[in-house]
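Engineer: No sequence on hand, only this structure:
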């Protein structure tokens with residue numbers, strides 16, 4: 001008899017434990033709200049990494065505030081991140097579907113040679129691009145950051161050159177992460193952000209007094225010196241790559257290029273778009289780039305929470321479904337995860353929007369980070385976070401485009417994204433400064449999401465795009481209703497009368513209270529909808 005449960009014997013000799021059906025039902029209900037096990041584990045790694053990342057940002061704010069030095073570092077880091085992230089995304093978009101496909105057509109040795117040829121195809125140009133910063137980095141800073149103050153430029157010249165070589169290692173880490181994900185070895189790539197955050201934090205704490213702002217570039221370099229041997233060794237041990245002679249079958253180079261140039265253009269446009277706000281901010285007051293950087297810390301947390309977990313797992317699974325022409329299962333898989341995703345990211349984003357002043361007060365307002373920096377950053381964060389759901393959901397839609405290898409359409413959508421953002425920035429930057437830049441960015445990504453759904457609908461490939469649109473639209477409507485109720489009922493001012501938001505404890509109390517109320521208002525609607533849906537199914 002199991003401890004704590006009553007067991008009975010039934011006719012066929014099996015043991016039935018009282019309470020098991022109820023437990024099983026609870027597990028099934030819980031599973032409706034949770035992602036699959038591997039996805040949850042990867043999300044857990046991201047959650048572990050982010051407290052370290054936030055601690056680093058808090059210390060950066062205390063040590064350097066939002067001034068010339070941090071503006072220069074944020075500006076210089078971007079082109080390095082552009083190369084390292086772009087190669088991983090482009091390699092994943094082009095290589096993963098192709099390698100999954102050819103595994104059914106070639107023997108393992110031929111697949112290894114094909115894979116190594118693709119690696120060289122992508123990695124060599126990136127190395128040359130990063131090395132160019134060693135020689136022509138000053139030209140890049142003068143050209144792109146021509147409105148930067150002289151003091152900021154002086155730091156940017158030196159920091160960009162310093163980051164070029166570690167950037168090559170960052171690209172290598174990205175490539176090996178993609179290879180491991182391709183082979184369903186997700187955990188070590190997911191642990192890399194945690195390791196990166198730990199090394200960056202250690203370098204900042206230990207070296208900021210001696211090196212000043214240079215503790216950050218040194219931390220970046222040290223992080224990838226640590227990550228590279230770990231992930232390369234793991235990829236080799238897992239058989240993700242082998243030492244085979246690179247070779248491409250006849251016609252493969254042309255095929256790769258025909259797919260790659262579209263992904264390269266699309267990713268370049270999207271990555272450039274994320275730099276557009278910083279470029280417009282170069283003409284604003286000192287500290288504007290830093291305010292955008294602090295705001296994007298939290299936005300990146302939300303995005304990475306999924307891109308390092310759900311979309312990584314989903315992309316491999318979707319590519320397998322499409323390769324097997326199993327559209328029905330793929331459609332059900334996407335819909336199931338989309339419901340869970342929207343019911344998490346949409347209310348959380350709304351909650352962050354409401355508590356943005358408290359977030360900035362808690363995390364950043366201390367030391368060199370003054371009240372003026374806090375006001376500018378909180379307003380910027382509030383507007384950026386309204387685009388977070390669309391940013392996360394678009395990550396999944398992008399993987400659908402890539403799995404279908406419909407890449408040309410994604411280029412036109414990328415042009416729309418960057419054009420919308422630039423037009424919005426031109427209109428709003430003079431009157432609203434960084435807040436205007438954030439509003440423009442959120443409008444652009446939401447419009448991009450809508451148009452992506454429209455384009456996918458016209459593919460007529462068996463995927464139920466109308467169902468995806470209904471899921472997303474329902475989540476947005478619920479968030480709007482929650483915000484209207486919150487505002488009309490005066491819940492925010494009522495909570496603010498209970499504590500002094502200028503103190504750390506008071507700000508923490510206000511943030512938790514407001515956030516919980518928003519989640520409850522949204523969750524109540526989800527419960528009503530589920531009850532309504534269940535009753536409707538029962539009637540049918």
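Structural biologist: On my side now, so go ahead. Note that the structure is predicted; figures quoted are calculated from it, not measured.

Engineer: if you go through the stretch 401-540 of the chain in chain order, where are the helices?
Structural biologist: Taking DSSP state H, counting those that start in this stretch, the helices of the stretch 401-540 of the chain run over residues 408-457, 465-488, 491-496, 504-539.

Engineer: Please identify the helix or strand for the nearest residue to residue 381 once chain neighbours are set aside.
Structural biologist: Spatial nearest neighbour of residue 381, excluding adjacent residues (CB to CB, 6 or more residues apart in numbering): residue 295 at 4.1 Å. Bear in mind the C-beta positions are built from the backbone N, C-alpha and C, glycine included. Assigned by DSSP states H and E, residue 295 belongs to helix 288-307.

Engineer: go on, residue 158?
Structural biologist: According to DSSP H and E, residue 158 maps onto helix 150-182.

Engineer: That helix vs helix 288-307, what angle?
Structural biologist: Put simply, helix 150-182 runs at 10 degrees to helix 288-307, going by axes from the mean of the first three to the mean of the last three CA atoms, to 10 degrees.

Engineer: buried set for helix 150-182?
Structural biologist: Neighbour counts over helix 150-182 (16 or more other CB atoms under 10 Å) mark 152-153, 155-164, 166-182 as buried.

Engineer: What helices and strands are in contact with the helix holding residue 295?
Structural biologist: helix 37-64, helix 68-102, helix 252-281, helix 327-354, helix 371-385, helix 388-404, helix 408-457 (3 or more CB pairs under 8 Å, 6 or more residues apart in numbering; DSSP states H and E).

Engineer: Dump the ones you listed into a markdown table; add distance to residue 513 as well.
Structural biologist: Output for these, formatted as a markdown table (distance: least, CB to CB, whole Å):
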| stretch | distance to residue 513 |
| --- | --- |
| helix 37-64 | 20 |
| helix 68-102 | 32 |
| helix 252-281 | 31 |
| helix 327-354 | 10 |
| helix 371-385 | 17 |
| helix 388-404 | 21 |
| helix 408-457 | 25 |
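
Engineer: Quick one, which of the ones you listed gets closest to residue 527.
Structural biologist: Comparing the helices and strands packed on helix 288-307 against residue 527 with CB to CB, the closest turns out to be helix 327-354 (10.9 Å).

Engineer: Report the mean confidence score over that closest one.
Structural biologist: Per-residue pLDDT over helix 327-354 has a mean of 90.

Engineer: Could you give me the buried positions within the helix or strand that that helix is followed by?
Structural biologist: Remark: after helix 327-354, the chain's next helix or strand is helix 356-363, criterion DSSP H and E. For helix 356-363, a neighbour-count test (16+ other CB under 10 Å) marks 356-363 as buried.

Engineer: now do stretch 507-524
Structural biologist: In stretch 507-524, counting by 16+ other CB under 10 Å, buried: 507, 509-511, 513-515, 517-518, 521-522.

Engineer: starting at the chain centroid, how far to it?
Structural biologist: 24 Å (CA atoms, centre = their mean, to the nearest Å).

Engineer: which residues touch that stretch?
Structural biologist: By CB atoms under 8 Å, 6 or more residues apart in numbering, the residues outside stretch 507-524 that reach it are 346-348, 350-352, 354-355, 358-359, 361-362, 478-479, 481-483, 485-486, 491-492, 495-496, 498-499, 501.

Engineer: My understanding was that residue 368 contacts residue 68; is that so?
Structural biologist: No - look at residue 368 against residue 68 with CB atoms under 8 Å: they stay out of range, at 11.7 Å.

Engineer: out of these two, which sits in the more crowded spot?
Structural biologist: More crowded of residue 368 and residue 68, by other CB atoms under 10 Å: residue 68, with 23 against 14.

Engineer: Next up, the contacts around the more buried one.
Structural biologist: So residue 68 contacts 149, 151-152, 155, 286 (CB under 8 Å, 6+ apart).

Engineer: For stretch 290-302, give me every contacting residue.
Structural biologist: Contacting residues not belonging to stretch 290-302 are listed as 46, 50, 53-54, 57, 61, 65-67, 70-71, 74, 277-278, 281, 345, 348-349, 352, 359-360, 364, 373, 376-377, 380-381, 384-385, 387-388, 391-392, 434, 437-438 [CB under 8 Å, 6+ apart].

Engineer: cutoff 7 Å now
Structural biologist: The contact list for stretch 290-302 (CB atoms under 7 Å, 6 or more residues apart in numbering) reads 50, 53, 57, 61, 66-67, 70-71, 74, 277-278, 281, 345, 352, 364, 373, 376-377, 380-381, 384-385, 388, 392, 434, 438.

Engineer: filter the contacts of stretch 507-524 to the buried ones?
Structural biologist: 346-348, 350-352, 354-355, 358-359, 361-362, 478-479, 482-483, 485-486, 491-492, 495, 501.

Engineer: quick one: least confident of the contacts of residue 68?
Structural biologist: Within those, the minimum per-residue pLDDT falls on residue 286 (84).

Engineer: Provide the secondary structure category for that one.
Structural biologist: Following DSSP: H, G, I helix; E, B strand; the rest coil, residue 286 is assigned to coil.

Engineer: packing partners for the helix or strand that the helix holding residue 158 is followed by?
Structural biologist: Sequence-wise, the next helix or strand downstream of helix 150-182 (DSSP H and E) is helix 187-211. If you count contacts as 3 or more CB pairs under 7 Å, 6 or more residues apart in numbering; DSSP states H and E, helix 187-211 packs onto helix 37-64, helix 150-182, helix 215-237.

Engineer: ok, the buried residues of helix 356-363 vs residue 129, which is closest?
Structural biologist: Using CB to CB, residue 363 is the member of the buried residues of helix 356-363 that sits closest to residue 129, with 34.3 Å.

Engineer: Could you report the distance from the closest one to residue 435?
Structural biologist: Distance of residue 363 to residue 435, given as CB to CB, to the nearest Å: 19 Å.

Engineer: Could you do residue 277 as well?
Structural biologist: In this view, residue 277 and residue 435 are 11 Å apart by CB to CB.

Engineer: Between the two, point out the one with more neighbours.
Structural biologist: Comparing residue 277 with residue 435 by other CB under 10 Å, the one with more neighbours is residue 277, at 24 against 21.

Engineer: The more buried one against residue 439, yeah?
Structural biologist: No - using CB atoms under 7 Å, residue 277 is not in contact with residue 439, being 10.7 Å away.

Engineer: wait, doesn't residue 262 sit right on residue 413?
Structural biologist: No - counting by CB under 7 Å, residue 262 stays clear of residue 413, with 11.4 Å between them.
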